[in-house]
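> I need the structure of the sequence given here:
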Amino acid sequence: MSQSAKTIIIIGAVLLALIVSVDAVYVVSETNQVVITQFGEPIGAAITKAGLHIKTPFIQKANYFEKRWLEWEGDPNQIPTKDKKYIWVFTYCRWRISDPLVFFQRVQDERGAHSRLDDVVDGETRNVIAKYDLIEIVRSSNREFEISEDSALLDFSDVKNKIQSGRDHIAKIILENASKITPTFGIDLKDVKIKRVNYVDEVQKKVFDRMIAERQRIASKYRSEGDGKSAEIRGQKERELKRIQSEAYKKAQEIKGKADAEATRIYAQAYNLDPEFYQFMKTLETYRTSLAKETWLLLSTDSEFLRYLKSPEIR
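Residues are numbered from 1 along each chain as shown. Now for the predicted structure:
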């Protein structure tokens, strides 16, 4: 056998040994746990201790599962309450794989676990909620409920009723009931919560219609109050304007009266200084204002109006 053939055989043997050793060793981290299967069937107990482990290469397979808490969020369920109100209920929970071997045998993987949780948690949610009134599912305590004057809730009839259980207690009942079933799938259920509650579409539309009508009523109320206030302001403005105009007119008349009195006083004073001259000036002023180019007057010859027209001298 040539030297090159021996070299190829040695390299092949090394590579084969390397591949076998790599497939024979697997690592378990702090966050994982492993179930070893041989031809699809689990072999022995689950490996939960972190570190390097060995398995039969090519024949056995390491199936990894999470140790940490996982999240599940269910699809919304349409459920009738005890008081015959149809609602959508949204739930979520926290869970972990408590028994990897049972988990692998019953549900295979996390997708299968979610499918089982859909059946278990949603089923228990439906069973428990159907035993309680809506107010019990909505409220968690009997704290004072504030209802504003313009609130648009659909129904106030049961708001003031005292709750006996409440939302948190109902969630605990769902958790207790579901926790009795999930261990058969190797699942430990930690927490179940009601994430959201909503009316079904038909009732929700009625709620929204009532809310819209209520808001429109409030808007009309505010508009009416605004119109009344506007009319009040306009009335005050008109009264104030008339008061100012009245005072202004009164003051103008007082000034005008004082001016007329002062003018009369000046006229009287001028008249007393030279009555004849004053009369002459007033007559000329009368001529200027009353006689135009086309004016005709029919007067007797002894009319006082013609006095200064007839005589060239002022007497």
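> tell me which element residue 131 is part of?
Of the helices and strands defined by DSSP states H and E, none includes residue 131.
> Count the residues that sit near it.
Residues lying near residue 131 (other C-beta atoms under 10 Å) number 12. Yep, even glycine has a C-beta here, placed from its N, CA and C like the rest.
> Could you pull out the helices in the protein for me?
Using DSSP state H, the helices of the chain run over residues 3-24, 100-107, 110-129, 134-138, 167-179, 201-273, 275-290, 307-310.
> how big is the angle separating the longest one from helix 275-290?
Relative orientation of helix 201-273 and helix 275-290, computed by axes from the mean of the first three to the mean of the last three C-alpha atoms, to 10 degrees: 140 degrees.
> again, but for the fifth one
Helix 167-179 runs at 40 degrees relative to helix 275-290, counting by the same axes, to 10 degrees.
> Run the chain-centre distance for helix 167-179.
Relative to its parent chain, helix 167-179 has a centroid offset of 31 Å by C-alpha atoms, centre = their mean, to the nearest Å.
> Could you say which of the helices of the chain is packed most deeply?
Of all those, helix 134-138 has the most neighbours on average by mean count of other C-beta atoms under 10 Å, namely a mean of 21.
> Quick one: list the elements packing against that helix.
When contacts are defined as 3 or more C-beta pairs under 8 Å, 6 or more residues apart in numbering; DSSP states H and E, helix 134-138 packs onto strand 86-97, helix 167-179, strand 187-199.
> try 10 Å
In terms of contacts (3 or more C-beta pairs under 10 Å, 6 or more residues apart in numbering; DSSP states H and E), helix 134-138 is packed against strand 86-97, helix 110-129, helix 167-179, strand 187-199.
> For residue 76, find the nearest of these.
Distance to residue 76, taken as C-beta to C-beta, is lowest for strand 86-97 among the helices and strands packed on helix 134-138, at 4.6 Å.
> ok, the closest one: who's next to it in the sheet?
With DSSP bridges as the test, strand 86-97 is paired with strand 70-73 (antiparallel), strand 77-80 (antiparallel), strand 187-199 (antiparallel).
> Make a markdown table from those and add mean pLDDT and mean neighbour count to it.
What follows is those, written out as a markdown table (pLDDT from 0 to 100; neighbours: other C-beta atoms under 10 Å):
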| stretch | mean pLDDT | mean neighbour count |
| --- | --- | --- |
| strand 70-73 | 94 | 14 |
| strand 77-80 | 86 | 16 |
| strand 187-199 | 90 | 17 |
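> quick one, which of those is nearest to residue 118?
Judging the strands paired with strand 86-97 by C-beta to C-beta, what sits closest to residue 118 is strand 70-73, at 8.3 Å.
> And the contacts of the closest one?
By C-beta atoms under 10 Å, 6 or more residues apart in numbering, the residues outside strand 70-73 that reach it are 90-97, 110, 113-114, 116-118, 121, 187, 189-190, 192, 195.
> can we see that at 7 Å?
92-96, 110, 114, 117 (C-beta atoms under 7 Å, 6 or more residues apart in numbering).
> for those, which one is nearest residue 24?
residue 110 (26.9 Å).
> For that closest one, list the residues it contacts.
Residues near residue 110 by C-beta under 7 Å, 6+ apart: residue 70.
> quick one: it and residue 41, what's the gap?
Relative to residue 41, residue 110 is positioned 21 Å away (C-beta to C-beta, to the nearest Å).
> low-scoring stretches of this protein, by residue?
Counting by pLDDT under 70, the chain shows low-confidence ranges at 1-6, 8-10, 12-22, 144-161, 203, 207, 299, 305-315.
> Show me which of the contacts of strand 70-73 is closest to residue 80.
When these are compared for distance to residue 80 (C-beta to C-beta), residue 92 wins out at 21.6 Å.
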